[in-house]
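*Asks:* structure for the following, please:
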Amino acid sequence: MSKLDRLWQNGAMEISPASASAAGSRLAAVREWLSAHEEFDGLLLVRQENLEDFDLRYVTGFTGSSGFAVVSADRALFLTDVRYVEQAARQCPGWQIERHGRPATKELAAALQDAGLRRLAFEPAGVTVELCDQLRAGLPGVALHPAGGTVTALRERKDAAEVAAIVRACVISDAAFAQLLPLIRPGISERELARRLEELFYRHGADGAAFETIAASGPNSALPHARPSAREIVPGDMITFDFGAAVDGYRADMTRTVVVGPASPRQKHLYEAVRQVQSDGVAALHAGARCSEVDAAAKEGITAAGYGEYPTHSLGHGVGLAIHEAPALRPGSDDILAPGHVVTVEPGIYIPGFGGVRIEDTVVIEEHAGRVLTTTTRDLIELPATG
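*Replies:* A predicted model of the protein is given here:
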């Protein structure tokens, strides 16, 4: 029985991060923040069309593309248009659901007046300048104050249901990549490999890809964020795959670099340098670790291996509803790891004209260490060079 099958069997794959208990605890956390900030009557969260922001989804459970949520000490109001009223009723337990027309500020103003709310904090990450102007014009008598990072800070530490969704996304990512490996051969393009990997996510039950899959071969692998191209694989290529599945909105993020044909001594040396730095980075993760120090140690490891002249990037980042969120394993970060943080560890070395290697895992921080959720081997994978 596969790991994927065992997780389905024991029910770990059935936990929904939008449960009523999760919604209640998140509302309570927002209200605790409001009680500590008496200058505000409530918090306004917005989900705008074509603007990806996850704070409203986190607090309410709503997955649609348009809505307004207002939280106060005794109210939980959710306003959306006719397309999403039924969906909001299903996804937002404990919320008072109201329908708005156009402009939305008319019903929003009435709801705020009815609730007696006059001083609202709002998350500016989910609000364009245009909408902010519309809100201020359409909500007379209501003072709006940006309070960035309020919900983002709450999202940093994942609860058990969130971790379960990320675990499922990681298991699917591992399973899909295992099925992709036999398809990698000379003559197939980067673009086709990326497409097939994303198809495998769906076959294993994912919502889709967590982000645009990277498949970068040969000299393209020296570009950390290369987009899949029409370049066809040739014997001797290193290929870097950066990918992840999404489940219930939560994301996996992993990277593996493989070689088509026997690896050259230079390729092996480069790969082993990254593998060792990545292993040391994972081992350094524990509650209380300072993110900037973990990142600095990784940079020292790259220099010690003889690759300090080549530019590199931060060691990692948080993962959750967004593919990049706090905490950040980077220079200057004040973040300190705590149980419930989910982060990536992804050192890379990139040599122009030759190629690059990156190895990345998704890791959940527990009391005494980090638990790696993506489990595909970190040993160098050498694939057949014949089709």
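
*Asks:* and the helix with the most length in the chain, what does it pack onto?
*Replies:* Using DSSP state H to define each element, the chain has its longest helix at helix 160-180. Helix 160-180 sits against helix 3-10, helix 190-203, strand 238-243, strand 245-247, strand 250-251, strand 254-260, strand 342-345, strand 361-365, with contacts defined as 3 or more C-beta pairs under 8 Å, 6 or more residues apart in numbering; DSSP states H and E. (Glycine included, C-beta is placed from N, CA and C.)

*Asks:* next, format the ones you listed as JSON lines and append mean neighbour count and mean pLDDT.
*Replies:* Listed next are these as JSON lines, based on neighbours: other C-beta atoms under 10 Å; pLDDT from 0 to 100:
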{"stretch": "helix 3-10", "mean neighbour count": "13", "mean pLDDT": "41"}
{"stretch": "helix 190-203", "mean neighbour count": "18", "mean pLDDT": "98"}
{"stretch": "strand 238-243", "mean neighbour count": "25", "mean pLDDT": "98"}
{"stretch": "strand 245-247", "mean neighbour count": "27", "mean pLDDT": "98"}
{"stretch": "strand 250-251", "mean neighbour count": "27", "mean pLDDT": "98"}
{"stretch": "strand 254-260", "mean neighbour count": "24", "mean pLDDT": "98"}
{"stretch": "strand 342-345", "mean neighbour count": "27", "mean pLDDT": "98"}
{"stretch": "strand 361-365", "mean neighbour count": "24", "mean pLDDT": "98"}
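
*Asks:* so who does the residue nearest the centre of the chain touch?
*Replies:* The chain has I323 as the residue nearest its centroid, 2.3 Å off, counting by C-alpha atoms, centre = their mean. The contact partners of I323, by C-beta atoms under 8 Å, 6 or more residues apart in numbering, come to A210, F211, G244, R251, D253.

*Asks:* 6 Å instead, please
*Replies:* Each residue near I323 by C-beta atoms under 6 Å, 6 or more residues apart in numbering is listed here: A210, F211, R251.

*Asks:* what sits opposite the last one in the beta ladder?
*Replies:* Beta-bridge partners of R251, counted by DSSP bridges, are A246.

*Asks:* hang on, it packs against F211?
*Replies:* No: assessed by C-beta atoms under 6 Å, R251 is found out of contact with F211, at 7.3 Å.

*Asks:* re the thing from before, including distance to R157, could the helices and strands packed on helix 160-180 go into JSON lines?
*Replies:* Below are the helices and strands packed on helix 160-180 laid out as JSON lines (distance: least, C-beta to C-beta, whole Å):
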{"stretch": "helix 3-10", "distance to R157": "23"}
{"stretch": "helix 190-203", "distance to R157": "26"}
{"stretch": "strand 238-243", "distance to R157": "25"}
{"stretch": "strand 245-247", "distance to R157": "19"}
{"stretch": "strand 250-251", "distance to R157": "14"}
{"stretch": "strand 254-260", "distance to R157": "22"}
{"stretch": "strand 342-345", "distance to R157": "9"}
{"stretch": "strand 361-365", "distance to R157": "9"}
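
*Asks:* out of these, nearest to G94?
*Replies:* Closest approach to G94 among those (C-beta to C-beta): strand 250-251, 21.4 Å.

*Asks:* which strands and helices sit next to the closest one?
*Replies:* helix 160-180 (3 or more C-beta pairs under 6 Å, 6 or more residues apart in numbering; DSSP states H and E).

*Asks:* show me where the chain has helices.
*Replies:* For the chain, applying DSSP H gives helices covering 3-10, 20-36, 55-60, 85-91, 105-115, 129-138, 150-155, 160-180, 190-203, 265-283, 291-304.

*Asks:* okay, those, which one's buried deepest?
*Replies:* Comparing these by mean neighbour count (mean count of other C-beta atoms under 10 Å), helix 55-60 ranks first with a mean of 25.

*Asks:* quick one on the thing from earlier: could you count how many residues lie near the closest residue to the residue nearest to the centre of the chain other than its chain neighbours?
*Replies:* Distances taken as C-beta to C-beta, 6 or more residues apart in numbering place F211 nearest to I323, at 4.8 Å, with adjacent residues excluded. If you count neighbours by other C-beta atoms under 10 Å, F211 ends up with 16.

*Asks:* cool, the one 10 residues further on as well?
*Replies:* As a burial measure, the neighbour count of S221 was computed by other C-beta under 10 Å and equals 26.

*Asks:* which stretches of this structure have low pLDDT?
*Replies:* Applying pLDDT under 70 to the chain flags the ranges 1-21, 387.

*Asks:* figure out how far stretch 212-232 is from the centre of its chain.
*Replies:* 21 Å (C-alpha atoms, centre = their mean, to the nearest Å).

*Asks:* same check, this time on stretch 60-69
*Replies:* Using C-alpha atoms, centre = their mean, the offset of stretch 60-69 from its chain centre is 18 Å.

*Asks:* that stretch: end-to-end distance?
*Replies:* Terminal residues of stretch 60-69 are spaced 8 Å apart (C-alpha to C-alpha, to the nearest Å).

*Asks:* ok, back up a step: switch the helices of the chain over to TSV; also include distance to R47.
*Replies:* Listed next are the helices of the chain as TSV, based on distance: least, C-beta to C-beta, whole Å:
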stretch	distance to R47
helix 3-10	31
helix 20-36	15
helix 55-60	4
helix 85-91	11
helix 105-115	13
helix 129-138	11
helix 150-155	12
helix 160-180	19
helix 190-203	25
helix 265-283	35
helix 291-304	29
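
*Asks:* now for those helices, which one comes closest to A73?
*Replies:* Checked against C-beta to C-beta, the stretch from the helices of the chain lying closest is helix 20-36, at 6.1 Å.

*Asks:* which residues touch stretch 190-197?
*Replies:* A176, L180, L183, T213, A215, S217, P228, S229, A230, R231, F243.

*Asks:* among these, the buried ones, what's the ChimeraX command?
*Replies:* This is how ChimeraX selects the buried members of those, with burial counted by 16 or more other C-beta atoms under 10 Å:
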select :176,180,213,215,217,228,231,243
